Structures are given as C-alpha cells and as structure tokens.
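1. Take a look and give me a structure for this.
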Amino acid sequence: MESSDSNTKTKAPAEKSDAEWRQELTPEQYYVTREHGTERAFSHPSWDDKTAGTYTCVCCGEPLFRSETKYDSGTGWPSFYKAVADDAVSEHKDRALFMVRTEVRCAKCEAHLGHVFPDGPAPSGQRYCMNGVALTLEPDEKD
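-> Below you'll find the predicted structure:
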C-alpha cells in the first residue's frame, strides 16, 4: 500500500476515513458515491456527452464503461448497455424507496454508481443508469 502522503485515490477504500473521502470528493460526489445518493436528472454534462473514451470511477480511477456502449436512454443520466469487464462493477439488492432495484457499485472501491435495469438495448438488454458525478471521462487520445 502507499504511504499517506501519496495520491489517496489509489489507497484501498477500507484504509480511507470518512474525513479523507470528504476531503477528496466534492460534496455531491461524496453524497452520491459514499452515501448512495442520486444526482438530479439532466444535471450532469455527461448525460449526453458524445466524447470517445473510458468512463472511470471518480473515487479510485478504475475503468468502468466505454463510450461505445453509452446510449441516450431518455432518463437524463449517463446510460450504458454493458461495463468494460464483467468484474468492473458489482451488483447489490437495493430495497430503498419501497421498491427493489439492483444497485451498481465500483467493484474496486464500492462507490455507489447508480442502478441497472433489464430494459436496455441489444446486445445485453441492460441499462446501467449511472450518476454522472460518480464517473470521470478519460477521452481517447487522438492520433
């Protein structure tokens, strides 16, 4: 593991205190990723961004989704039909708000990203409806 004076984004999540998360993230990023919140629909610029690249976890930098799998679901949140790898995200039963949904978290740091629904396009039929503040777009390099 890294020493405490190096980049905290690469530390294991269990080694970060609540104070470290609060210092590293904006209040909205903290609310969404650490408190399992939701940003307002259409409030984050990435919901309709068409830039080619990889969407990474805002907390740990792990690659999560590729722009080629992003589509306009009409919901106002960035939506993808599959993750970059089967082990990039983890799914958890969410019983909040008097309903059962499938929560999606970063598999590396457990950051809350959003939810997945079975109403997406082919080929997967999945709609990974993510919070834009939970993601960072790393644009592809231009040749």
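2. mind checking the backbone torsions on the residue nearest to A88 when sequence neighbours are not counted?
-> Once flanking residues are discounted, A88 sits nearest to L64: 5.3 Å by CB to CB, 6 or more residues apart in numbering. (C-beta placed from N, C-alpha, C; glycine too.) Phi and psi for L64, reported as degrees, to the nearest 10, are phi -120, psi -50.
3. Relative to T56, how far out is L64?
-> L64 sits 6 Å away from T56, going by CB to CB, to the nearest Å.
4. Give the residues shared as contacts by these two.
-> When contacts are counted by CB atoms under 8 Å, 6 or more residues apart in numbering, L64 and T56 are jointly contacted by L135.
5. Looking at the two, which one has more neighbours?
-> Higher neighbour count among L64 and T56: L64, with 28 against 20, using other CB atoms under 10 Å.
6. Just confirm H92 contacts R105, I think it does.
-> Yes - applying CB atoms under 8 Å as the test, H92 and R105 come out as touching, 6.4 Å apart.
7. more crowded one of the two?
-> Taking neighbours as other CB under 10 Å, H92 and R105 compare with R105 leading, 19 against 13.
8. What residues does the more buried one make contact with?
-> Counting by CB under 8 Å, 6+ apart, R105 touches V89, S90, E91, H92, A111, H112, L113.
9. do P78 as well
-> By CB under 8 Å, 6+ apart, the contact set of P78 is H44, S46, W47, D49, Y55, F65, K70, C129, M130, N131, G132, L135.
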